[in-house]
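Trainee: coords please:
(chains A and B)
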Number of protein chains: 2
Amino acid sequence: MTLEPVAIFRSPLSSKFGIPRQSGLVPALAGEIRLEGRFRREEALRGLEGFSHLWLLWGFSANRGAASDSLLVRPPRLGGNRSVGVFASRSPYRPNPIGLSSVRIEHIDAAAGVIRVSGADLMDGTPVYDIKPYVKYTDSHPDARSGFVDETPWQPLEVVIPAALESCFSPQDLAALRQLLAQDPRPAYQDSDKAYGFPFAGHDIRFTVSGNTLTVLACVPSAV
Amino acid sequence: MTLEPVAIFRSPLSSKFGIPRQSGLVPALAGEIRLEGRFRREEALRGLEGFSHLWLLWGFSANRGAASDSLLVRPPRLGGNRSVGVFASRSPYRPNPIGLSSVRIEHIDAAAGVIRVSGADLMDGTPVYDIKPYVKYTDSHPDARSGFVDETPWQPLEVVIPAALESCFSPQDLAALRQLLAQDPRPAYQDSDKAYGFPFAGHDIRFTVSGNTLTVLACVPSAV
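Mentor: Residues are numbered from 1 along each chain as shown, chains lettered A, B, ... in the order given. The predicted structure is shown next:
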């Protein structure tokens, strides 16, 4: 089967660094789904206003290198040092590199073909292959058991942003950035004291982590 | 993006007639995911035993005819006479014909590459493109609003199966068939008094519906 993008995702995160590890982890993070080409028609979204959430099926467009033959992956949640089967993981490195994310609908502009959402884990420019309404009775299983995900809870970091750097961002972007950083966006293998960084909302962020505290060091406008 | 099947689905439903309209509607309905080719390896499923549910991304392989240019569909739940946008619907007739279903895991035979599940809405022989674990914290939204789905609750039918016909099926298949029929498997436009039918677990079922009661008329072994 061959897939054609129906939309492009717009996010303040322009690289794969800093992307939340799952949807919903950074509820303050805003994004936009923009229908493309012949799919940008008002009727395509008719009736969606009655739904609070939607599903995105999208491409892991930032994967690097050729697909591996291995069917094992090392989830960040397991510290990067335990393997599980690819079909027991949401890893982007999978036989068909399709991501699945539920996001909250914030606003629908059907005439423009734009849906504003929050909580997405897609980077800017990601191709979207399908948009489906979230249907509670068939999609929500609040009693589900989630294996190693349940067994290894994530410890959020304390985030320190010096007051002088807060003015880099709008209040909304700042709230999203705090939630993003609290999720610990470092790679699984970490050098202590190393400075890390990623682009966010037009700025390059630099930070270090010491113990359970993440401190932002700098915020400079990204080169265009 | 081009997709390659990783598995084939096995179901007692060998045609698209009678398929539940969503996953979870017929919890007694058993099915099997069978990994195919180079994906049938024990390690592919390692760690999945800790999860109660999984997601299937699959192809709407029973769609007939060419894709329509229309971006409107008529959901059966709305009686087939109201249109909504394709991205506000789970209709199989969509730009990229990929289905999304959560199913319950009943048993995993990793060595054979087989996962027994229940509650699926896939017909026999459906190609499966991805298997992902259901992760409660990111996938379950028990407070979600589901638009026209919430507003038009489905009225199950009363199902009458004469005692002489019950012996067609194993107790498990019979339980699934009762749930299937209660969902009203008729097309959206219905002739009263017409006899309908579909193949199930190697038999052709015939039934009529009068008022709120569905009565099974016959059960004969399917031609092979």
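Trainee: Please enumerate the helices of chain A.
Mentor: Ranges of helices in chain A, per DSSP state H, are A:136-139, A:147-151, A:163-166, A:171-182.
Trainee: Adjacent strands (with direction) for the longest strand seen in chain A?
Mentor: Assignment by DSSP state E gives strand A:98-109 as the longest strand of chain A. With DSSP bridges as the test, strand A:98-109 is paired with strand A:53-59 (antiparallel), strand A:114-118 (antiparallel).
Trainee: State the distance from the one residue sitting closest to the centre of chain A to residue A:95.
Mentor: Compute the mean C-alpha point of chain A, and by CA atoms, centre = their mean the closest residue is residue A:121, 1.3 Å away. According to CB to CB, to the nearest Å, residue A:121 stands 20 Å off from residue A:95. Yep, even glycine has a C-beta here, placed from its N, CA and C like the rest.
Trainee: What count of nearby residues applies to the nearest residue to residue A:85 once chain neighbours are set aside?
Mentor: Distances taken as CB to CB, 6 or more residues apart in numbering or on different chains place residue B:46 nearest to residue A:85, at 4.0 Å, with adjacent residues excluded. If you count neighbours by other CB atoms under 10 Å in any protein chain shown, residue B:46 ends up with 21.
Trainee: So residue B:46 versus residue B:103, what's the distance?
Mentor: For residue B:46, the distance to residue B:103 equals 19 Å [CB to CB].
Trainee: Of the strands paired with strand A:98-109, flag the one that's most buried.
Mentor: Burial of the strands paired with strand A:98-109 is given as mean neighbour count (mean count of other CB atoms under 10 Å in any protein chain shown); strand A:53-59 ranks first at a mean of 23.
Trainee: what about that one, average pLDDT?
Mentor: Average pLDDT, strand A:53-59: 98.
Trainee: domains of chain A?
Mentor: For chain A, the structural domains run A:7-139, A:158-221, going by automatic domain parsing.
Trainee: and the last one, anywhere near chain B?
Mentor: No. Domain A:158-221 stays out of contact with chain B when judged by CB under 8 Å from any CB of the partner chain, the minimum separation being 12.4 Å.
Trainee: ends of that domain, how far apart?
Mentor: Using CA to CA, to the nearest Å, the end-to-end distance of domain A:158-221 comes out at 24 Å.
Trainee: same question, the first one
Mentor: As for domain A:7-139, its first-to-last residue distance stands at 23 Å under the measure CA to CA.
Trainee: ok, back up a step: show me the one of the strands paired with strand A:98-109 that comes nearest residue A:224.
Mentor: Minimum separation from residue A:224 across the strands paired with strand A:98-109 (CB to CB) falls at strand A:114-118, 23.3 Å.
Trainee: That closest one to helix A:171-182, inter-axis angle?
Mentor: Here the directions of strand A:114-118 and helix A:171-182 differ by 50 degrees (axes from the mean of the first three to the mean of the last three CA atoms, to 10 degrees).
Trainee: Send me strand A:114-118 as CSV with only the CA atoms.
Mentor: The C-alpha coordinates for strand A:114-118 follow below in CSV (Å, rounded to 0.1, in the frame of the first residue of the first chain):
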residue,chain,number,x,y,z
VAL,A,114,-6.4,24.1,9.9
ILE,A,115,-6.9,22.3,13.2
ARG,A,116,-5.1,23.7,16.2
VAL,A,117,-4.2,20.9,18.7
SER,A,118,-2.2,20.4,21.9
